[in-house]
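# Give me the fold of what follows.
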Amino acid sequence: MKTKVLLLILLFSLAPINSINAAECEIACVDVYTQDGQLIFEARKGSGPKASAAPKPVTKPKAIAKPKVIAKPKPVIPKAVVKPKVSTPKKKQVVKKSAPVAVVTTSLSDRLSKSLPTTGISYQPNFHPLINVPVYFWNDMPTAFQSKVDLIGEVIDVTMRPSFTWAFGDGSFKSTTDSGAPFPHGNITHTYSNPGTYPVVLVTTWGGTFTHNGVARTITGQIRKVTALTITVVAAHTRFVN
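Next up, the predicted model:
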């Protein structure tokens, strides 16, 4: 008995949720997410595709009553031979049935993908940086990426912001939301202790929100872009001066 009561409660509690979701999707369903390094926009209107057959009623012809024929007495004629009446069979009327008309509820949907900006790596001094001297790093990535998309009449506003992880090639890392700048305004610097050639890797991670009908939601997933270069650091020559 308790099991049946719980099942009934569960069914009644789920029914309104399903009806609400269906009603919302009939107005508009919008989603923004990331896939294969791109930003994906999707919009849909309507609850279709659905098809239902609505057969029309078959109209039968009305039966018309025929008047009765009263046979009048014929005069008796001597030696007259009466031929028997030959009745011809009536053709049956064929009633054509109309085919059912399919009523289809259609839905509108559209999908759009966008690529985010890429960047390069710059550093200073750009010719043979010296050991024990700070090297300034930066990139030209904008602080935010904004886009407005119109899909099947639904306007979606997107704002994406980057964060950066630097790997300087000698085991040192730095995470920041600053793009950096040249000397003397840059905040991303690194000092190498030993001469050599180092691979510098920059990982840019994009995340953000989208707004539809005044409601802001988080974009599902993130986009990562990788940029790399090599830098050669040299030792300064020592000269003794009297």
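
# In this structure, where's the longest strand?
Ranked by residue count under DSSP state E, the longest strand found in the chain is strand 196-212.

# For that strand, list every residue counted as buried.
Neighbour counts over strand 196-212 (16 or more other CB atoms under 10 Å) mark Tyr198, Val200, Leu202, Val203, Thr204, Trp206, Gly208, Phe210, Thr211, His212 as buried. The way it works is simple: take the backbone N, C-alpha and C, and place the C-beta from them, glycine included.

# what sits against the second one?
Spelled out, that is Val200. Neighbouring residues of Val200 by CB atoms under 8 Å, 6 or more residues apart in numbering: Ile121, Tyr123, Phe137, Trp166, Ala167, Phe168, Gly169, Ala228, Leu229, Thr230, Ile231.

# Tell me the one of those residues nearest Ser109?
Ala228 (39.2 Å; CB to CB).

# Can you report how many residues lie near that closest one?
12 (other CB atoms under 10 Å).

# Phi and psi next, for Ser115.
phi -100, psi 150 (degrees, to the nearest 10).

# Would you mind putting the contacts of Val200 into a markdown table with pLDDT alongside?
Output for the contacts of Val200, formatted as a markdown table (pLDDT from 0 to 100):
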| residue | pLDDT |
| --- | --- |
| Ile121 | 97 |
| Tyr123 | 98 |
| Phe137 | 98 |
| Trp166 | 99 |
| Ala167 | 98 |
| Phe168 | 98 |
| Gly169 | 98 |
| Ala228 | 98 |
| Leu229 | 97 |
| Thr230 | 97 |
| Ile231 | 97 |
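
# By neighbours, which of those residues wins?
Most surrounded of these: other CB under 10 Å gives Phe137, at 25 neighbours.
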